[in-house]
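Q: test case, fold it:
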Amino acid sequence: MTHKDRYDVVVIGSGPGGLAAAIAAKQNGAQDVLIIERDIEPGGILLQCIHNGFGMETFKEDLPGPSYAQRFIDQAMQAKVEFLLDTMVLEITRDKRILASSRKHGFLEIQAKSVILAMGCRERTRAQVRLPGTRPAGVYTAGTAQRWVNVEGYMPGKNFVILGSGDIGMIMARRLTFEGAKVERVLEVMPYLSGLTRNYVQCLMDYDIELQLKHTVKNIIGKNRVEAIESVAVDDKWAPIPGTEEIIPCDTLLLSVGLIPENELSRQAGVIIDPITAGPFVDDGFQTNIPGIFSAGNVVHVYDLVDWVSEAGLIAGKAAAVLAQKGKLDETPTIPVKAADNVRYVVPQALHPDHLADGPIPLQMRVTKPIEKPVWVEVRSGEELIARKAEPYARPGEMVTVTLKPEHLDKVKASSELRIAVVER
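A: Numbering: from 1, shown residues only. Just a heads-up that it's a prediction; the model follows:
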């Protein structure tokens with residue numbers, strides 16, 4: 001497809017957030033919308049997620065990842081969204097100029113009225129969690145193994161230990177078991193799951209795969225190839241407990257130790273990054289501190305469900321289209337949204353109270369520690385309670401959402417700051 005050098009909206013990334021954002025931009029009046037994707041086909045990480053569990057909220061169907069992605073790809077094509085594939089974005093400037101490189105088109109310079117950052121996230125590596133031991137073959141991230149098994153058709157090993165109870169790691173424990181491998185153990189340094197409870201039940205418990213909480217890898221053993229790992233229990237300060245070491249023979253160690261929003265381009269453009277989420281500070285339209293630059297999906301914070309990534313993309317795409325047509329957004333001053341008791345972070349970090357007149361605004365968060373009792377999720381302005389939602393429990397591995405509604409408009413407008421807490425009922 002022949003590309004132009006000027007667009008109303010340019011989306012960086014064609015995963016679920018980027019596809020939804022592009023579709024919403026078209027639906028809300030943007031004429032020229034372009035998605036730039038570094039891979040050779042759109043869909044993002046969903047293309048290697050062949051397990052079910054996608055789309056229950058969006059389509060009311062239980063779909064595998066590629067099918068979910070194809071629904072949005074088809075919608076984007078029907079809306080006449082343009083794609084620039086196999087193209088690497090090198091830089092985005094504050095004035096929304098995009099510099100990119102393509103094998104087919106060479107060096108590209110594209111001017112946008114609005115830019116939506118939808119680059120997703122990446123996995124933490126061995127170096128980032130500072131695992132000791134030798135450096136043999138057989139140490140991979142869980143996502144790398146997922147691509148090899150599901151897309152490339154290669155098995156990375158026969159006997160596995162998985163470090164971390166992230167969702168990709170637990171899902172791969174099941175997937176590898178399907179392929180005839182033996183998953184010896186899943187180790188988690190925290191005293192609780194870092195992924196969804198449903199994946200623990202469906203991927204570990206259903207296949208008798210042992211999970212050890214408050215355990216980590218003390219040493220990787222092997223010269224040319226992993227031969228074993230030495231595990232160890234840790235105390236409340238993550239210090240190894242002497243005498244708890246165990247040698248677990250294996251030929252492969254998979255790491256599922258967290259995801260990091262992919263924000264190098266964001267920083268280049270001058271976007272302010274939240275040190276807690278590692279994603280941009282955004283308002284309720286997912287606009288960053290730079291007018292006309294928006295951010296959506298796992299590049300903002302790591303979501304539990306792909307449906308929520310798509311929902312964020314729809315919000316960002318609509319706001320980006322409005323700005324592209326008007327030249328600016330008619331904004332009232334924002335109100336800060338802050339984390340309070342037992343809340344690690346909240347997204348968005350600011351909201352425009354007048355937007356409540358147009359519909360509800362969801363606030364999403366993660367708690368700092370688990371509460372295995374009924375809880376209240378509370379929105380307060382000072383001591384005044386504005387909104388409250390009941391939940392049966394709260395766990396760090398599962399996002400919590402509370403929604404502000406039009407009925408809360410007057411109280412929100414009268415606030416100088418909103419504080420979000422999760423407390424026992």
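
Q: leaving out the residues flanking it, which one is nearest to residue 49?
A: Take residue 49 and drop its neighbours on the chain: the residue closest to it by CB to CB, 6 or more residues apart in numbering is residue 65, 3.1 Å away. C-beta here means a position set from N, CA and C on the backbone, and glycine is covered the same way.

Q: in this protein, what spans have low per-residue confidence?
A: Under the criterion pLDDT under 70, the flagged ranges of the chain are 1-2, 330.

Q: could you point out the longest strand in it?
A: Longest strand of the chain, by residue count under DSSP state E: strand 106-117.

Q: in whichever helix or strand comes after that strand, what's buried?
A: From strand 106-117 onward toward the C-terminus, using DSSP states H and E, the following helix or strand is strand 121-123. Residues 121, 123 are the ones in strand 121-123 that count as buried (16 or more other CB atoms under 10 Å).

Q: can you pull out the residues in contact with whichever helix or strand comes after strand 121-123?
A: Once strand 121-123 ends, the next helix or strand along the chain (criterion: DSSP H and E) is helix 126-129. By CB atoms under 8 Å, 6 or more residues apart in numbering, the residues outside helix 126-129 that reach it are 139, 163, 255, 257.

Q: residues contacting the residue nearest to residue 49?
A: 45-51, 54, 306.

Q: same deal with residue 81?
A: Contact analysis of residue 81 by CB under 8 Å, 6+ apart lists 22-23, 26, 33-35.

Q: check residue 207 too.
A: Contacts of residue 207 (CB under 8 Å, 6+ apart): 173-174, 177, 183.

Q: state the pair within these that is farthest apart.
A: Farthest apart among these by CB to CB are 174 and 183. That separation is 8.5 Å.

Q: in the stretch 151-300 of the chain, which spans are strands?
A: All strands of the stretch 151-300 of the chain, identified by DSSP state E, counting those that start in this stretch, fall at 159-163, 182-188, 211-213, 215-221, 228-233, 246-249, 252-255, 259-261, 293-295.

Q: direction included, what does the second one pair against?
A: Think strand 182-188. strand 159-163 (parallel), strand 211-213 (parallel) (DSSP bridges).

Q: quick one, phi psi at residue 318?
A: phi -60, psi -50 (degrees, to the nearest 10).

Q: gap between the residue sitting furthest away from the middle of the chain and residue 184?
A: Farthest-out residue of the chain from its mean C-alpha position, per CA atoms, centre = their mean: residue 243, at 37.6 Å. Separation of residue 243 from residue 184 (CB to CB, to the nearest Å): 21 Å.

Q: again with residue 263
A: Using CB to CB, residue 263 is found at 35 Å from residue 184.

Q: neighbour count: the two, which is higher?
A: A side-by-side neighbour count of residue 263 and residue 184, using other CB atoms under 10 Å, places residue 263 first with 22 against 19.

Q: please tell me I have it right and that one contacts residue 271.
A: Yes - counting by CB atoms under 8 Å, residue 263 touches residue 271, with 7.3 Å between them.

Q: highest mean neighbour count out of the strands paired with strand 182-188?
A: Comparing the strands paired with strand 182-188 by mean neighbour count (mean count of other CB atoms under 10 Å), strand 159-163 ranks first with a mean of 25.

Q: alpha carbons of that strand, as CSV, please.
A: Provided in CSV are the C-alpha atoms of strand 159-163 (Å, rounded to 0.1, in the frame of the first residue of the first chain):
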residue,chain,number,x,y,z
ASN,A,159,12.5,-31.1,31.5
PHE,A,160,11.6,-27.6,32.8
VAL,A,161,11.7,-25.5,35.8
ILE,A,162,9.7,-22.2,35.6
LEU,A,163,10.7,-19.3,37.7
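
Q: okay, domains of this structure per the record?
A: Residue ranges for the domains of the chain, per automatic domain parsing: 1-122+259-331, 125-257, 332-425.

Q: how about the helices in the stretch 1-150 of the chain?
A: With helices called from DSSP state H, counting those that start in this stretch, the stretch 1-150 of the chain shows them at 16-27, 65-78, 126-129, 142-147.

Q: give the contact list for residue 321.
A: Residue 321 makes contact with 8-9, 24-30, 114, according to CB under 8 Å, 6+ apart.

Q: repeat for residue 324
A: Residues in contact with residue 324 (CB under 8 Å, 6+ apart) are 8-9, 25, 30, 112-114.

Q: out of these, which is most surrounded?
A: residue 25 (34 neighbours).

Q: residue 422 bridge partners, please.
A: For residue 422, the beta-bridge partners are residue 377 (DSSP bridges).

Q: would you confirm that it contacts residue 377?
A: Yes - counting by CB under 8 Å, residue 422 touches residue 377, with 5.4 Å between them.
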